[in-house]
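S.K.: After the sequence you'll find the predicted model.
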Amino acid sequence: EDQVTQSPEALRLQEGESSSLNCSYTVSGLRGLFWYRQDPGKGPEFLFTLYSAGEEKEKERLKATLTKKESFLHITAPKPEDSATYLCAALSSASKIIFGSGTRLSIRP
Amino acid sequence: GAGVSQTPSNKVTEKGKYVELRCDPISGHTALYWYRQSLGQGPEFLIYFQGTGAADDSGLPNDRFFAVRPEGSVSTLKIQRTERGDSAVYLCASSLATSGRTNEQFFGPGTRLTVL
């Protein structure tokens, strides 16, 4: 069964304290791995798409990486405005999109 | 340009009633998706349209749920005989569907449905 698991469920960091969020996936024929940011009361906002193991993408303080089993979202020197829920989703070869439950990130000033 | 819009933003209804939720995708986006999101969970896929036709409706939980997209733009998600368990945020997303690599989905703000 296709599955996407994110860890930790919640993460509290001090401003400037770098860390990583994990997304483990078991998906038949991965066609794409997506990262989204979701603020309270809003829809998810697209961040990155990764297509193959070894691929990396960066945007400001965020960098996403992909292996054959998992993806990481690295956040470097975070700021309070980076506080949000970060979602990952996998697209299978059967065109099924499966989201993880998200990691709630909180950055203290 | 305008993003994906959804109306209403909030809907409160009574158990057993019928509701319609509307989604206006980004102009020119041929693919449209409906998701349901419960508190503390990620979005759960419901149905995907490519143009006017439902390309994949395997996520619809039962036959009380139905969605249409008659002109290949606006879509309506319809829920009959609502139950308290239908309470959730219903999200709509659209994308430029092309062959080959997958295009990112742009989400609307969602409709929060509460069934009393």
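M.R.: Cool, the structure landed. Numbers count the residues shown, from 1 in each chain, chains lettered A, B, ... in the order given.

S.K.: Can the helix-or-strand element of chain B with minimal mean pLDDT be said to contact chain A?
M.R.: Sorting the helices and strands of chain B by mean pLDDT, DSSP states H and E puts strand B:53-56 at the bottom, at a mean of 88. Yes: counting by CB under 8 Å from any CB of the partner chain, contacts between strand B:53-56 and chain A involve B:55-56. In this view, the C-beta of every residue, glycine as well, is placed from N, C-alpha and C.

S.K.: Just the C-alphas of that strand, formatted as PDB.
M.R.: Extracted in PDB, the C-alpha atoms of strand B:53-56 (Å, rounded to 0.1, in the frame of the first residue of the first chain):
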ATOM      1  CA  GLY B  53     -14.200  14.500 -17.400                       C
ATOM      2  CA  ALA B  54     -13.400  12.900 -14.100                       C
ATOM      3  CA  ALA B  55     -10.100  11.100 -14.800                       C
ATOM      4  CA  ASP B  56      -9.900   9.500 -11.400                       C
END
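
S.K.: So what are the sheet partners of it and their directions?
M.R.: Taking DSSP bridges as the criterion, strand B:53-56 forms sheet pairs with strand B:44-50 (antiparallel).

S.K.: Using neighbour counts, pick out the buried residues of the strand it pairs with.
M.R.: B:44-49 (16 or more other CB atoms under 10 Å in any protein chain shown).

S.K.: Next: stretch B:6-22.
M.R.: B:6, B:11, B:13, B:19, B:21.

S.K.: Now, the residues you listed that are in strands?
M.R.: Judged by DSSP state E, strands contain the following of the buried residues of stretch B:6-22: B:6, B:11, B:13, B:19, B:21.

S.K.: how much space is there between the spatially most central residue of chain B and chain A?
M.R.: Nearest residue to the geometric centre of chain B (CA atoms, centre = their mean): B:W34, 2.9 Å. From B:W34 across to chain A, the span is 11 Å (CB to the nearest CB, to the nearest Å).

S.K.: One more: B:T111?
M.R.: In terms of CB to the nearest CB, B:T111 sits 10 Å off from chain A.

S.K.: Hmm, that residue is touching B:A88, no?
M.R.: No: taking contacts as CB atoms under 8 Å, B:T111 lies outside contact range of B:A88: 9.4 Å.

S.K.: out of the buried residues of stretch B:6-22, which one sits closest to chain A?
M.R.: Nearest to chain A among the buried residues of stretch B:6-22, counting by CB to the nearest CB, is B:Q6 at 8.2 Å.

S.K.: OK, contacts around the closest residue to the closest one other than its chain neighbours?
M.R.: The spatially closest residue to B:Q6, leaving aside those adjacent along the chain, is B:G108, at 4.1 Å (CB to CB, 6 or more residues apart in numbering or on different chains). By CB atoms under 8 Å, 6 or more residues apart in numbering or on different chains, the residues touching B:G108 are A:43, B:3-6, B:23-24, B:91-93.

S.K.: Arrange these in CSV, one row each, with distance to B:P61, secondary structure and pLDDT as further columns.
M.R.: CSV is the format used below for these (distance: CB to CB, whole Å; DSSP: H, G, I helix; E, B strand; the rest coil; pLDDT from 0 to 100):
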residue, distance to B:P61, secondary structure, pLDDT
A:G43, 21, coil, 95
B:G3, 27, coil, 93
B:V4, 23, coil, 96
B:S5, 25, strand, 97
B:Q6, 19, strand, 98
B:C23, 18, strand, 98
B:D24, 24, strand, 97
B:L91, 15, strand, 98
B:C92, 17, strand, 97
B:A93, 18, strand, 94
